[in-house]
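Undergrad: here is my input; please provide its structure:
(chains A and B)
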Amino acid sequence: MSILGYLLRRALVALTTLVVVSVVCFLLVNAARGDPALIALEQSGETPTPDLLAEYRWQLGLNSPLPVQYVRWIERVVHGDLGRSILQRRPVATILGERVWPTLQLGLATLAVSTLAGVVLGVVVAFSRAPFVDVAIRSAVVVAAAFPSFLVAIGLIMLIGERLRLVPVAGYGSPQHLILPVLALSIVPAASTLRLTRSAVRSVLAEDFVRTARSKGLAEWTIAVRHVLPSAAAPLIASVGVRFGQILAGTVVIETIFAWPGMATAVITAISGRDVPVIAGYVLITGTLVIVANFLTDLVTRLVDPRVAAGAR
Amino acid sequence: MVKVVLGHPGSSRPRLFRRAAPILCFVLCLTLVLAAPQIAPTDPNEVSMPRRLMAPNPSAFLGTDQLGRDVLSRILHGGQAAMITVLVAVAGSTALSTSVGILAGARGGLVDRVLCAVLDLLLAVPGLLVALAILGTLGTGRLAVIVALIGASWAEEARIVRSLVATLRSSALIEAAHALGAPAWRIGVVHVLPATLPTVVVLATLNLGQALLTVSSLSFLGLGTQPPSADWGTMLAESRAYLGAAPWLMVAPGACIVGFAVLANLVGDVLQGQADPRQRGR
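TA: Below you'll find the model as predicted:
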């Protein structure tokens, strides 16, 4: 399949997913808001008679079928209007808009750090012939996968923040503020990257060209960087999109602990107070980010490894 | 001299122990926690200000918290609350994913394609996001948390069961059943379901640990168990204010969460080894 065909296909999948996520958000908001005509009338101080209600419903476009209402809603969303928060009485777009960048910052930094750490350690483990290295790292991965991120965060705060006083334990603004949240958030994705790298590199190590490289007398690290990693890269790159999604969802917990001014605080307050417009806005924004990340991942995977096209169902 | 070892290598005693130990530990922990009301030394919510923030000592093995409540009792009762939520959620998630997986895999055709599209869609969105959306709609009760957990985990399992069943569909076993004129539901329940069981059990066990981590995270955020009841996540959240003065408040629930999740994963690995001998020694 040509690269353009592949691109169009993936774009179609991404767009469909996006539409479904937005429909879910629309239904959430729609089911939760009560009767807007009644609310509008009560706010203007009029007594809601059946006639008035009917007129208002007509004016607000509430008599049109749901799909038509959805199209109107999505039109407003595209123009940056996500509705108003019930609790805060502010536009959802303003509440979440100013918090998207800090969350994204945290997510991208974590993605970079965990990928780097996971790949480097994974290559080391795959190359090492000492059995205890393998056993130690594999046990560490099992334990790391069982550590909830908030526990790691509390441990880091106790150890590095309070005991050693090396870095700030809460807040936002300087690169130092990123260190602890990113560390806490990186453990689990780094562990899964490590595992993936290890098995990808191991499977390439058995190839003939690696034996040839060895017989030429190349240094192990040259073989690793020049010959093995490029061949093992495809599954690693392919997993970035999903991992970014998990990291982004995980920021909710970490942001709360480190008083990071991302979307988490807004969402948690919203969930406790059933502030559905904010929740729907959060799901829509995060969903869009994840879908875009998945799409870009597919694209890069295809560019790096042409074999993907053959497997693209 | 060549030493000849008789018998199956997997049946030697250390191996057997290595396999049985996680399962035994797991069952023991589960029993302890589920029997909390019978074995907890005190009422978990009994406030006693003179006894507040006591370090672990013979009268309170794991110390007391900021209101003088016994940490051990709270750990046991909190564990029970968390475990019931987790067990119900995992059971629900497993039932849902197995039925959908078998339906899609065994039917094939349009049903399969539609269900796969739905599953792919769900898999594109992170589980925790699905869970948060569900909690946002249903509120923060225990039932809502269970539904949220199921929503977060079932799609991945369904996908795995589905591909397993799809490979079974062309097997001689199923073909023979078809040839004998067995109705579709009978083939599904009598022939396909037992064949998927080993995989399903492994998936469910691995999901136990994951579900506990999610429950604890939600409680930690204040979206799960509500005070004065506690589970391990809320206990950790409360301990944050006393990190320096009373570290035992953090250690006990933290160790419980990690210990249980590690155990669940180990048990899952052991069962996986039993279900699929090719995985052994990896």
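Undergrad: up against chain B, what does the stretch 1-150 of chain A have?
TA: Contacts of the stretch 1-150 of chain A with chain B, taken as Cβ under 8 Å from any Cβ of the partner chain, map to A:16-17, A:20-21, A:24, A:28, A:31-32, A:142-143, A:145-150. From N, CA and C alone the C-beta is placed, and that goes for glycine too.
Undergrad: just the buried ones from the residues you listed?
TA: A:17, A:20-21, A:24, A:28, A:32, A:142, A:145-150 (16 or more other Cβ atoms under 10 Å in any protein chain shown).
Undergrad: B:Val33 and A:Ile271: what is the separation?
TA: 27 Å (Cβ to Cβ, to the nearest Å).
Undergrad: the more surrounded of those two?
TA: Regarding B:Val33 and A:Ile271, a neighbour count based on other Cβ atoms under 10 Å in any protein chain shown identifies A:Ile271 as having more, with 28 against 21.
Undergrad: name the helix or strand for that one, please.
TA: For A:Ile271, the host element (DSSP states H and E) is helix A:263-272.
Undergrad: for the spatially most central residue of chain B, which non-adjacent residue is spatially closest?
TA: To find the centre residue of chain B, average its C-alpha atoms and take the closest one (Cα atoms, centre = their mean): that gives B:Leu208, at 0.7 Å. By the measure of Cβ to Cβ, 6 or more residues apart in numbering or on different chains, the closest residue to B:Leu208 outside its immediate chain neighbours is B:Ala264, 4.3 Å from it.
Undergrad: run through the chain and note the low-pLDDT ranges.
TA: Here I'm looking at chain A. Under the criterion of pLDDT under 70, the regions of chain A flagged as low confidence span A:1, A:33-37, A:39-45, A:60-61, A:306-313.
Undergrad: nope, chain B
TA: Per-residue confidence of chain B (counting by pLDDT under 70) places the weak regions at B:1-14, B:276-282.
Undergrad: can you pull out the helices in it?
TA: In chain B, the helices defined using DSSP state H lie at B:13-34, B:36-39, B:71-107, B:109-124, B:127-138, B:142-169, B:172-179, B:184-186, B:193-220, B:232-239, B:248-275.
Undergrad: isn't B:Ala195 right up against B:Arg169?
TA: No. Taking contact to mean Cβ atoms under 8 Å, the distance of 10.7 Å between B:Ala195 and B:Arg169 leaves them out of contact.
Undergrad: off-centre distance for the strand or helix carrying A:Gln69?
TA: When elements are defined using DSSP H and E, A:Gln69 is found to belong to helix A:66-78. On the basis of Cα atoms, centre = their mean, to the nearest Å, helix A:66-78 sits 25 Å off its chain's mean C-alpha point.
Undergrad: now for it, which elements pack on it?
TA: Packed against helix A:66-78 by the contact rule (3 or more Cβ pairs under 8 Å, 6 or more residues apart in numbering or on different chains; DSSP states H and E) you find helix A:3-32.
Undergrad: and the helix it packs on, what does it pack onto?
TA: Packed next to helix A:3-32, using 3+ Cβ pairs under 8 Å, 6+ apart, are helix A:66-78, helix A:276-304, helix A:307-311, helix B:109-124, helix B:127-138.
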